[in-house]
Structure formats: structure tokens, C-alpha cells
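# what's the 3D shape of this:
(chains A and B)
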Amino acid sequence: MNPTMLLPLPIAVPLAMAAFLALVAKVIGRRVADTLAIATAAANVWMTLVILHTVWLQPLTYWLGNWWPRSHDVALGICLTVDGIGATLALLVSVLTLAGLIFSWKIFEETENHFQPLMLLFMAAMCGFSYTGDVFNLFVFFELMSVSAFALCGLKTQEPAPLQGAFNFGLVNTVGAFMIVMGIGLLYSRTGALNFAQIGKALGTQDDSLILLAFLLIAVGYMVKAAIVPFHFWLADAHAVAPSPVCVLFSGVMVELGIYAVARVYWTMFQGSLSPHTRELRAILLVMAAITAIVGALMCYAEHHLKRLLAFSTISHAGLMLVGVALLAPKALGGFLVYVLSHGVIKAGLFLCAGIVLHRLHKIGEDHLHGCGRGMWWTAALFLLGAWGLAGAPPFGTLLGESMISDSANEFHQNWVAYLFMFSEIITAGAVFRFTFRTFFGWGERAPIDESSEVEEKPETEAEQERTPLAMLIPTTALIALGIVLTFVPNIRSVAEGDAHFFTDQASYAAAVLQNIEPAPAAKAASESLTPSIVRCCIAGVLALLLAFASLFHQRVGKWLRFSHSLELGNSILRKAHSGHPGDYVAWLSFGTAVLGGFFAWFLRG
Amino acid sequence: MLNYLTYIVAAWVFLWGLYGIVTSKNLVHQVVCAAVLQTSTYVLLLGIGFKVGGTAPIFADIPVGTPVVDPLVQALMLTDIVVEATIMALLLSMVVKANEVAGSVDPEELRVMQG
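Predicted coordinates:
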């Protein structure tokens, strides 16, 4: 069989199943619907794995309706172009959806909320998003995943908080989506094309304000999804209220896909136009990434609502991932891929742990949970492992991503990047450690009263549970374990870097899509020594533990360690800025766009 | 001039939509402002596809070579309309639910999470 025929299947099969389940869910009952959904997700894991295996060395293009470019380089049809990075992300999407669906076996008593069809729709949209080779289809899949995400987020419509979270999420992302449409419109007006490769070819090295404006609008639109400060406000509200299996997909892969999209549009379309200003663009993106990592970390440590805490840690890590893209180098992009994979499974595992806490203890605020989790040793161990993984410490795969990105940053004389990683990792891991020690061990003083953790959340399950069901423990454990397994995938670093080389090579991407020319195999990159990263990340892990202890026993530690307590109380100005008001969020979005546009106009022109 | 006018109108409508969303005190009004914002994308796409003297791009009864407007832009717009109609419907249904649960459509009063 021609392997290109496989490419549309991970999108088409879950779409068809979602429609079928939505139709018959009431007739076939909860368990049959669950089983069918899980089977579909498992099939998707298998299909995306086969596709990844096929495109590992040679990217493939599938032309819908067989509209391949007959006159060589004019693409009229719509295509899916799957390369190593897109295929890997689709695999991550499928794995996380499978884990989320298995986890949900025990939650949601009623079936009328269309949970399974929405999850499948979400999965199909995200797979399409990573596979597509067409800028307008990227937008359509973006909207499809947004709509299913809004609905999944506001699933519990009987409470005000989920409605607030889903509404803020929906409104802010929709404004971002309009910016993307405008950017696409401007691009089309200039090039008359919608295919990535075709647009890249048509733009060539033209360099003017219209192209810059299009890049600004599209990049901002996707950065809203990627939760880059100051476009990030919706994320914490949405994560705090979404059901845990949904948070898995939000944090594990949806946010990362936003960054992926920025990278994709930059390299396939704008690279030539912006090439005279690579240095300036790198600086601007690096500053945004650093601000995101720092703001996310500071907010994360100040939170005592477990899901919000993890959400802000995702924002901080999104900043770190943006560093991988912002360096505009293949090696850093390879690091981005490895980091996304390992962070994705670890963070997903932690959100499932949060689901277990909610299931067993029926509370989510750190001050209410103090000591309540004694006896849940397995969950506590998973939390500790997850936090250790967030610190990027061995044996977790985050270490490899960190080392690739910092090595690449050193080549550009940006030595501070390694410290930025340490800063964010210490604080986000410290916050999870702090939560674990208080909740499962009952150590230290009680958490300070925190308004944001007072939000009532109805448990996702009924009836007091004495044991954690296996349907919850198995996917959670498997995800955390995957974070370790990734480290030992042979040659993962050089393969990721090879994929990134193709991803960042505009000419060979265009040749592969439009003329079906196989790209030259990338030179095998020499893997550099991991020792400095191992040392750095181990230090980060230990410091994170120390930070957590300093917070727990803040009345007994020396004066110079008291800063940990003020870190825990948080910066009131920063916290007030997260006002929970959708209008404010859109105001920040407009402000951020204006500032970024100003920088673009100042530094990236002529 | 006509060329530039459409872009100016699009930017104008876009900014008013943003202003409406930012200052709104009513969720229904806020969603409608988002819809206003969205119409700016229609104006922009119309401006891009329009051709002075062009006719509808249906070649059944006109000779090949007649100037026509760009048919692809209308396909984009149609997709845009469908997608955004879904989102508006979803957002409005959330507002309805919010009114049932919280008894208000003021974003200030619906606010249970912050910081």
C-alpha cells in the first residue's frame, strides 16, 4: 500500500467516530461509548506511530482529492505534509487522548455531556493541525480544536466557575483567531496562494510592511494559544475548571501546538523575507520567552489551587519552549521537540494526579488539603517523580531538551538561557514539591489563605472513594514512566535535530512538497556531552526541594531563606493583573500586539 | 483610493470591536462585539478579492477571459462564517447558562476566579 494513503486516517477516523458516537451515545450507553472512544484513540496511537515510522527519514505529502501540482510548482490543491516534527506531535496528541479517555472511565456519571465525541473531535483537530501543509487549513483545524476545547472546558455547566473559565478562554482565543484570518488574508492578497511552500516561494526575499504585518497578526494569533505573556491570561482560568482528563490535553499538547504553529509559519513562509533581521527577531522572541518563563514561575509558586498552580507552571514551561523556537536554529528546535514530548507526558501525568486528588479528597486547595492525603503513597510518589521531572533532572527526558536548547543558546552567546531554565525549573518544581509535602505528608505550616484556591469545585465523581481505581492509576503511572523512557530512546537527540534541519530548510521543504524531491539526508549531528546539563539539572532539582522545605518551615528557617515565604504569598500587582475579567484579557492582548508590532516596525524593517 | 478604503474600514471595524469587548459590561454585548470584530475580516477579504468591473466567477454563460472577482476569497469567507457562527453560538449558550447559574450577565458578577 502507498504509505501516503495513511496520512488522512488519523484525522478522518476519529472524526467519523465522533459523529457516530454523538448520534448513538444515548442508545448504546456509557460503557460502549467509552470502549469505542478508547479503541479509536488506541487505533490513532497505532496509526500515528506507523506514520511517524514512515516519515522518519522522508517527509510525505498527501494531496486531497488528488490535486497534486501538475505544472510543477503551482499548488492549487490542499495538502497534508507530514514531517518528523508534525508526526511526533500527532503521536503525542494520540497518546495523551488515550490516557485521558482511560482516566475518564471512572468519572462523569452522565452521558449526555458528549464527552467522548468532543475528545475525539479534539484529537482529530490537533492531528490535522500538526499534519497540514496549508495555511488556511491550519486555521480551520485551529478553530476546530478551539471549539471542542471550549466545549470540553465548560463541560460542567451547573457551576459558575467553569462557565467563566470557558468563556474567557473562548473569547480571548477567538480574538486571536480573527487576527490569524486577517494575516492569512494579507498573505493571500500578496501571493495568491495558501500552501505553505507556495507562499514561501512567492514571498521569496521580499521584505516590506505588509508581510511584516501578516507575520505579526499570525504569530500573535498562535501565541494566544501558546500562552505567551501577555496573551496567557485565559490559560489559568481554563485549566482551573476543565475536567482533569481535558487539562491533560490542554497543557500536554494544545499549548505546545501554538508554539509549533509559530515555528511552522516562520520557517515555511517568512524565513526568506525576514532573513536580514534574524538577529533582531531572535532578540525580540527571546525577551518574550524570558518574560513568559519568569511570570509563569512567579505566579505558579504563589498559587494554592493545584490546577492553577500546574497551569502557571505550563505557562512558565511554554516560555522555555519558546526559547527553543526563538533561537531560530535547528539544534534548538530539535531541543524544543524533545522538551515538548517529555514535558507533555510529565505535565499530563501531574494533571491526572490532580484528578486523583480531586477524586479521593474532593478538594483542590492546598490550604484545605493539608495532611489529608496521608496513606496515598502511590499518588505521592507520582507527584514527587513528576516534580523531579519538571526540574528537568535525570532520568527524565526534559534534561535532553534542556541540554540541546542551552547548547544551541551558547553558540549564540546567550549563556543566560541555561540560568533561565534553572530558574523556571526550580520554582515550578518547588511548587509541586511544596504541595506534595503538605498534602501527602502533612509537613510544615499550613498554606496561607489564598483567595484563588477558594473556588469551589464539585468533585468529578460521586460517592466517597476508599481506593484509587486502576483506570486512574494506570494511565497516570504510564505517563510519568514515559517521561523516563523517552530519555532512553536511542539517538533521540540526533533524530530530533535531523527532523529540525528539514523543518528549518525552506528550500528543501518547498521542493519536497511542490516537486516531490526527497530532501538530502541531514548530516548526523554529533551529540555533545550531557554532563553540564546533568549537573545543572540536579542542582535545580535539589534547590527545588530546598525551596519547598524553606516554604514549609518558613518560621523556623534563617532570615535569608524567608524570601521563599514572600515568594509563596506572591506579588500582589502581578496577581491582581490576572483579574478574571475577559475584557481585561482582551485589553492585554491588544496592548501586547501593539507593543510587539512597535518592536517589529522599529527593528525588522528595511 | 477605493483599494485603501477597504483596508481602512477593516481596521476601523476591528478596532471598534476590540474597544467594545474591552469595555463591555454585559456578556451578550461582549459576544456581539466579537461578532462585530469578525465582520472586519469579511471586509478585508472582500477588499482582497474584489476587482473593478469584475463579475461573478461562473463561466457557464460568460466567455473565458472575462474579468471576474476572486472565487477563492469567497470560499475562505464562507469557511470563516461557518466557523465563527459555531463559536458565537457556543459563547452565547455559555452566557445563557451563566445567567441560569449566576443570575447575571455582568462579567464582574460572574467572576469567581482571579489572581
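
# hang on, isn't residue B:68 packed against residue B:51?
Yes - under the criterion of CB atoms under 8 Å, residue B:68 makes contact with residue B:51 at 7.1 Å. Glycine gets a C-beta too; all of them are placed from N, C-alpha and C.

# The two: which has the busier surroundings?
More crowded of residue B:68 and residue B:51, by other CB atoms under 10 Å in any protein chain shown: residue B:68, with 16 against 11.

# Once you drop chain neighbours, what's closest to the more buried one?
The shortest distance from residue B:68 to any non-neighbouring residue, by CB to CB, 6 or more residues apart in numbering or on different chains, is to residue B:57 (4.0 Å).

# where does the stretch 351-500 of chain A have low pLDDT?
A:453-465 (pLDDT under 70).

# dump the residue contacts of residue 13.
Just so you know, I chose chain A. Counting by CB atoms under 8 Å, 6 or more residues apart in numbering or on different chains, residue A:13 touches A:40, A:43-44, A:47, A:124.

# meant chain B actually
Neighbour list for residue B:13: B:36-37, B:39-40, B:43 [criterion: CB under 8 Å, 6+ apart].

# For those, could you give me a markdown table that also reports pLDDT, distance to chain A and secondary structure?
Converted to a markdown table, the contacts of residue B:13 look like this (pLDDT from 0 to 100; distance: CB to the nearest CB, whole Å; DSSP: H, G, I helix; E, B strand; the rest coil):
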| residue | pLDDT | distance to chain A | secondary structure |
| --- | --- | --- | --- |
| B:36 | 94 | 11 | helix |
| B:37 | 94 | 6 | helix |
| B:39 | 93 | 10 | helix |
| B:40 | 94 | 7 | helix |
| B:43 | 92 | 10 | helix |
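
# Among these, pick out the one closest to residue A:305, please.
For the contacts of residue B:13, the closest approach to residue A:305 (CB to CB) belongs to residue B:37, at 31.5 Å.

# What pLDDT is listed against the closest residue to that closest one other than its chain neighbours?
Using CB to CB, 6+ apart and skipping the chain neighbours, the partner closest in space to residue B:37 is residue B:17 (2.8 Å). We have a pLDDT of 94 for residue B:17.

# how close does residue B:17 get to residue A:188?
Residue B:17 sits 22 Å away from residue A:188, going by CB to CB, to the nearest Å.

# returning to that earlier point: could you look up the SS state of the residue nearest to residue B:37?
Per DSSP: H, G, I helix; E, B strand; the rest coil, the local secondary structure of residue B:17 is helix.

# residue contacts, it?
Counting by CB under 8 Å, 6+ apart, residue B:17 has contacts B:33-34, B:36-40.

# would you turn the residues you listed into TSV with neighbour count?
Compiled in TSV, the contacts of residue B:17 are given as follows (neighbours: other CB atoms under 10 Å in any protein chain shown):
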residue	neighbour count
B:33	24
B:34	25
B:36	17
B:37	24
B:38	24
B:39	16
B:40	22
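
# Any regions of the chain where pLDDT drops low?
Reading this off chain A. In chain A (pLDDT under 70), the answer is A:1, A:72, A:108-112, A:453-465, A:523-527, A:606.

# Wait, chain B was what I had in mind.
For chain B (pLDDT under 70), the answer is B:1-2.
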